[in-house]
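1. quick one, structure for this:
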Amino acid sequence: MIKKILIIIGSIFVLSLIFGIIDYNRIKNGNSSIFMINFENSEGVNHYIGLGYRMRRTNFTMPAEPSISNMRFGLWFFTWYVEINRSNQTRTNEENAVLNRDDCSNNYFEMRLFSDKKEYRTNEKIRLWATLEYIGNKDSIQIWHGGGFMLFYITDGEDFNLEPIITLPLLSTTLERGRVYAFDYYKSGGWGTDDPKADFWEQFFKEQDLFLPQGNYTITLRGAFSLTPTGRDIDLTCKINIIVI
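-> Numbers count the residues shown, from 1 in each chain. You can find the predicted model right below:
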């Protein structure tokens, strides 16, 4: 009897280890997990649980460390930040030429908005990301912003309008000259219970990846930060268009 119990416990441990390694590597490479379920969404945080491990995904970019992912992954009792592997986003100039992208810049910053394709199907994951680089004369610069400062907006010009939630606390971040800061798209927004599309939005936000209904969409990236605590946001906006068929 004891031997059977030990075999069962050992089997569960091995499965937990295998499932955890697979899910961790998928998350690290920017893919969705296979063996975890989404069991709770609250206050802009999505909670996922697996066999002995879990993940917490926050719906905002880490303001103090913009190049770090908004994922925490680990055991049930302890999690750690996961650095997303963006090697598949580092492309040569020739490859960049065929991407769906838009660049916008001023004397201080260069901002870029990307999608991996221009046309998608409704069951196809849409990949969006952005980069920010300080190109001024100083070694570094301090910017001021709310909880997130690279904001993605998605609209079809009709009844689909997805705007990010902007948190109010004033924060500051130091950007180093010549360092490219990468920002993955994350879902952010909300809806009311009286919204006629409440069921749609509930399912939309439960899904970790971005899938969109058929339509023509404009993706807008806005730099929501300033150079002083009381200053106005910099005037930088990138836009790309995608089609979902």
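
2. C-alpha only now, for contacts and for neighbours.
-> Fine.

3. go through the longest helix anywhere in the chain and flag the buried ones.
-> In the chain, with assignment by DSSP state H, the single longest helix is helix 2-28. Within helix 2-28, the residues that count as buried by 16 or more other CA atoms under 10 Å are 16, 19, 20, 23, 24, 26, 27, 28.

4. same check, this time on stretch 193-203
-> Residues of stretch 193-203 classed as buried by neighbour count (16+ other CA under 10 Å): none.

5. what of stretch 137-154?
-> Neighbour-count burial for stretch 137-154 [16+ other CA under 10 Å]: 141, 143, 144, 145, 147, 148, 149, 150, 151, 152, 153, 154.

6. same question, stretch 155-162
-> 155, 156, 162.

7. so where's the chain shaky on pLDDT?
-> Along the chain, segments meeting pLDDT under 70 span 30, 40-45, 58-70, 81, 83-99, 167-168.

8. gap between the longest strand belonging to the chain and the chain center?
-> Longest strand in the chain, counting residues (DSSP state E): strand 140-155. Centroid displacement of strand 140-155 relative to its chain, using CA atoms, centre = their mean, to the nearest Å, is 13 Å.

9. which one of the buried residues of helix 2-28 is nearest residue 209?
-> Of all the buried residues of helix 2-28, residue 209 sits closest to residue 27, with 11.3 Å by CA to CA.

10. please confirm that residue 183 is located within a strand.
-> Yes. Counting by DSSP: H, G, I helix; E, B strand; the rest coil, residue 183 is part of a strand.

11. give me the beta-bridge partners of it?
-> Beta-bridge partners recorded for residue 183 (DSSP bridges): residue 130.

12. hang on, it packs against residue 114?
-> No. Under the criterion of CA atoms under 8 Å, residue 183 is not in contact with residue 114, lying 10.3 Å apart.

13. and residue 160, what does it touch?
-> By CA atoms under 8 Å, 6 or more residues apart in numbering, the contact set of residue 160 is residue 154.

14. apply 6 Å and report the result again.
-> Not one residue lies near residue 160 by CA atoms under 6 Å, 6 or more residues apart in numbering.

15. what's the answer for residue 143, then?
-> By CA under 6 Å, 6+ apart, the contact list for residue 143 reads 172, 173, 226, 227.

16. mind checking how far it is from residue 229?
-> In this view, residue 143 and residue 229 are 8 Å apart by CA to CA, to the nearest Å.

17. domains of this protein?
-> Listed by automatic domain parsing, the domain ranges of the chain are 2-81, 88-244.

18. in this structure residue 71 contacts residue 54, no?
-> No. Counting by CA atoms under 6 Å, residue 54 is not a contact partner of residue 71; they are 10.7 Å apart.

19. shared neighbours, those two?
-> Counting by CA under 6 Å, 6+ apart, nothing touches both residue 71 and residue 54.

20. so what sits against both of residue 183 and residue 114?
-> Residues touching both residue 183 and residue 114 (CA under 6 Å, 6+ apart): 129, 130.

21. quick one, which of these two is more surrounded?
-> Neighbour count, other CA atoms under 10 Å: between residue 183 and residue 114, residue 114 has more, with 25 against 22.
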